[in-house]
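> coordinates only, no sequence provided:
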């Protein structure tokens, strides 16, 4: 499964779970996306749903993405 990442741009109401300007791994969840939410692996290491507008796409160099994928495995 291909992994992708997004950067947190807001954490209002989720201060303990999300850090602004931190890159998070996104797990594809089509049902959540229909409700304007994303399934994110948060600070606890578990995946939870968060508002989609709390994140922005980030384009990472291949080398960086590979390193993130290895560290998450």
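It's in. The shown structure was predicted, so the numbers you read here are calculated from the model rather than taken from an experiment.
> I'd like to know how far residue 63 sits from residue 47.
25 Å (C-beta to C-beta, to the nearest Å). Every C-beta, even on glycine, is put in place using the N, C-alpha and C of the backbone.
> list the helices and strands whatever helix or strand residue 63 lives in packs on?
Assigned by DSSP states H and E, residue 63 belongs to helix 62-72. Applying 3 or more C-beta pairs under 8 Å, 6 or more residues apart in numbering; DSSP states H and E, we find helix 62-72 packed against strand 23-27.
> who are the packing partners of the strand it packs on?
strand 4-8, strand 37-41, helix 62-72.
> now stretch 56-67: buried residues?
residue 65 (16 or more other C-beta atoms under 10 Å).
> what sits up against that stretch?
Here stretch 56-67 makes contact (C-beta atoms under 8 Å, 6 or more residues apart in numbering) with 3, 5-7, 9, 23, 68.
> and these as CSV, adding distance to residue 36 and neighbour count?
Listed next are these as CSV, based on distance: C-beta to C-beta, whole Å; neighbours: other C-beta atoms under 10 Å:
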residue, distance to residue 36, neighbour count
3, 21, 14
5, 19, 20
6, 14, 19
7, 18, 15
9, 15, 12
23, 21, 14
68, 25, 15
